[in-house]
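**Q** Provided below are the primary sequence and the corresponding predicted coordinates.
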Amino acid sequence: MGFWQKKFGKNWTCALNYNDVFKNTIYTERFTINNISSRARYLVDSNEVSITLRYSFGKLRKVS
């Protein structure tokens, strides 16, 4: 898994997240319907990339 973050100016932040591109996940499934049984294995390549752009409006203050 990787993570990169960069702040631009005073209020902007950009972040890039990604998971291990070589990691595979194996899902198994078993079920029976009308006395017919089934078993299955799925090999899933679950790559994911996300980009986040965030703007900060400033600090919160208490109102009394």
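**A** Arrived safely.

**Q** Pick out the residue nearest the middle of the protein.
**A** Centroid-nearest residue in the chain: E48, 6.1 Å away (criterion: C-alpha atoms, centre = their mean).

**Q** who's in contact with that residue?
**A** The contact partners of E48, by C-beta atoms under 8 Å, 6 or more residues apart in numbering, come to N17, Y18, N19. Just so you know, the C-beta spots here come from the backbone N, C-alpha and C atoms, and that holds for glycine as well.

**Q** What about those residues, which are in strands?
**A** In this view, the contacts of E48 that belong to strands under DSSP state E are N17, Y18.

**Q** Format the contacts of E48 as a markdown table; extra columns: neighbour count.
**A** Output for the contacts of E48, formatted as a markdown table (neighbours: other C-beta atoms under 10 Å):
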| residue | neighbour count |
| --- | --- |
| N17 | 14 |
| Y18 | 14 |
| N19 | 13 |
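
**Q** Relative to R54, how far out is A40?
**A** Distance of A40 to R54, computed by C-beta to C-beta, to the nearest Å: 41 Å.

**Q** how close does the residue nearest to the centre of the chain get to L60?
**A** When E48 is compared with L60 (using C-beta to C-beta), they lie 32 Å apart.

**Q** Now do the same for G58: helix, strand or coil?
**A** Under the three-state scheme (DSSP: H, G, I helix; E, B strand; the rest coil), G58 adopts coil.
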